[in-house]
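Trainee: Only the shape, not the letters, is given here:
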């Protein structure tokens, strides 16, 4: 007899892919499933975030027509603006039609999930919530489940909860939310649920034993820092988890950040600074992944400190492991030791670094960002990584992340910041740059001191921001506005200011809006120069705007083949392949 599902885990998703790596392996839900199944629970994961499923529900003629119009629009945009405008106007109604088809399909998935919950009387449903359209979809799903099976407890988790906290619960669509690691807490909740007859009694029990707030903080987000989090879980990916996915695995190398003081950063919600994960555990996870053909990794912590990175690199080289990985790093003072550390990490497989610089203006980085670094640190760190890569004869690319426009201080104008940003990028010469708008998120210094910094937020701002979806297929003049300003800049003016800086960066020959995961993907298919990155972005951008997957499907196939080849060169392990679930539903 098949055991009923104790917990349904759902990955929220958008009508369109937003970046080429959207369909990377879903490590978080696989970790939770692995942990709970090892303890006897029946868990099913529903994940529609896959490479080719982005076209599901839209007629082929519609996607083909839209793709053609988008290609015309991008081809003519530089020299023949009238033709580009014409292509845009022709594409607009087709865009609307494809989105209507797509959203109808997403609504059908909601109905199918709700039917499954009702039929099997699933007691707990956990939704991994992402921002924008996926959040709106999650809310709609939660309402439908509540309607068809009121006894199901709805739990939100994932990145959106870590950013917005209690605001995710403000409208009442979710019964509980978990901010932090969910494995141990979900085990606790599942055990408690079977002790009481009703959902109401269960929630009363939870509030009595855990606390009155429906927002449950675990791990580094809890005041005592280790609440319901005592070990890391290595996820057991199944064939269905890997199907139609980009094979790079998000590896938890540690938790937190050694600085943890940036005024704009939501990671400061964590109550503990950086905690490294034991290198032996990282070794075991890498070997478990390579045994499944996965050899590309993205280290997940806000920052991999050089000491820990060096220890990981020594382990990789000592075990003769063959992998590629990317990581987040913090700029700092360079030295011979720093240079040798990067050489070691590059030798061990480091291929991309995401570096948060925020701004090229030292006073702004100090008084507004509280970044704890100066422009010389940023420039020196980037140059150090580049020199280390040259010395090793290997590729390691750097993406520099910045915030612009931003609050300013007396005596410093926004134009001063713009000019300092431009000169920073010229001197540092990163492989790619990402310019982020000045986000004002709950729990940050910027949010708490918003008026002092020049921000004006409407009463509904946070809710609008949680649901905001960038309409990249429209000119910014037609994007939905937010009830939010920075000094005399509303959202559209902020976006135009970002566009001005982006243009200056592109004019220098530096690609924009390419993150470390993009760099990993492009290198995996043989791209290495900045010209290659421009081409990679240009072609993949057609897919993203048109809601198709022609190119991304090709590069995913190539990358996954490279992953298998690289993984096959690793020492054999004794790990057996993960068992296949008796309840696999690959499609809704």
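Mentor: All right, it came through fine. Because the structure is a prediction, the values reported are computed rather than measured.
Trainee: Report the contact partners of the closest residue to residue 408 other than its chain neighbours.
Mentor: Nearest non-adjacent residue to residue 408, counting by Cβ to Cβ, 6 or more residues apart in numbering: residue 414, 5.9 Å away. C-beta coordinates here come from the backbone N, C-alpha and C atoms, glycine included. Contact analysis of residue 414 by Cβ atoms under 8 Å, 6 or more residues apart in numbering lists 405, 408, 497.
Trainee: if we go to 10 Å?
Mentor: Counting by Cβ atoms under 10 Å, 6 or more residues apart in numbering, residue 414 touches 364, 404-408, 486-489, 497.
Trainee: could you say what helices and strands the longest helix along the chain packs with?
Mentor: Determined from DSSP state H, the single longest helix within the chain is helix 81-120. Secondary-structure packing of helix 81-120 (3 or more Cβ pairs under 10 Å, 6 or more residues apart in numbering; DSSP states H and E): strand 7-11, strand 43-47, helix 60-76, strand 124-128, helix 133-148, helix 530-546.
Trainee: quick one, the last one and helix 60-76 angle?
Mentor: It stands for helix 530-546. Here helix 530-546 points in a direction 140 degrees away from that of helix 60-76 (axes from the mean of the first three to the mean of the last three Cα atoms, to 10 degrees).
Trainee: what does the second one give?
Mentor: Calculated by the same axes, to 10 degrees, strand 43-47 forms an angle of 50 degrees with helix 60-76.
Trainee: Okay, now the sheet partners of strand 43-47, with direction.
Mentor: Paired neighbours of strand 43-47 in the sheet (DSSP bridges): strand 7-11 (parallel).
Trainee: Quick check: what element follows the partner strand along the chain?
Mentor: Once the chain leaves strand 7-11, the next helix or strand it forms, by DSSP states H and E, is helix 27-37.
Trainee: Tell me how far that next one lies from the chain's centre.
Mentor: In this view, helix 27-37 has its centroid 18 Å away from the chain centroid, taken as Cα atoms, centre = their mean, to the nearest Å.
Trainee: how about that helix: buried residues?
Mentor: Neighbour-count burial for helix 27-37, counted by 16 or more other Cβ atoms under 10 Å, picks out 27-37.
Trainee: residue contacts, residue 386?
Mentor: 342, 396-398, 428-431.
Trainee: most packed of the helices and strands packed on helix 81-120?
Mentor: Stretch with highest mean neighbour count among the helices and strands packed on helix 81-120: strand 124-128 (a mean of 26; mean count of other Cβ atoms under 10 Å).
Trainee: So the residue nearest to residue 297 when sequence neighbours are not counted: helix, strand or coil?
Mentor: Distance criterion Cβ to Cβ, 6+ apart; nearest residue to residue 297, sequence neighbours excluded, is residue 325 at 4.1 Å. Classification of residue 325 using DSSP: H, G, I helix; E, B strand; the rest coil returns strand.
Trainee: Which of the contacts of residue 386 fall within helices?
Mentor: Among the contacts of residue 386, DSSP H puts 342, 428 in helices.
Trainee: Among the contacts of residue 386, list the two that are farthest apart in space.
Mentor: Spanning the widest gap among the contacts of residue 386 are 342 and 429, at 16.4 Å by Cβ to Cβ.
Trainee: thinking residue 397 is in contact with residue 510, fair?
Mentor: No - if you go by Cβ atoms under 10 Å, residue 397 and residue 510 don't touch, sitting 11.5 Å apart.
Trainee: Low-confidence stretches in the stretch 351-500 of the chain?
Mentor: 471-478 (pLDDT under 70).
Trainee: can you pull out the strands in it?
Mentor: With DSSP state E, counting those that start in this stretch as the criterion, the stretch 351-500 of the chain has strands at 397-403, 432-436, 455-457, 484-486.
Trainee: just those strands: most buried one?
Mentor: Stretch with highest mean neighbour count among the strands of the stretch 351-500 of the chain: strand 397-403 (a mean of 25; mean count of other Cβ under 10 Å).
Trainee: Check the offset of stretch 270-279 from the chain's centre.
Mentor: The chain centre lies 20 Å from the centre of stretch 270-279; the measure is Cα atoms, centre = their mean.
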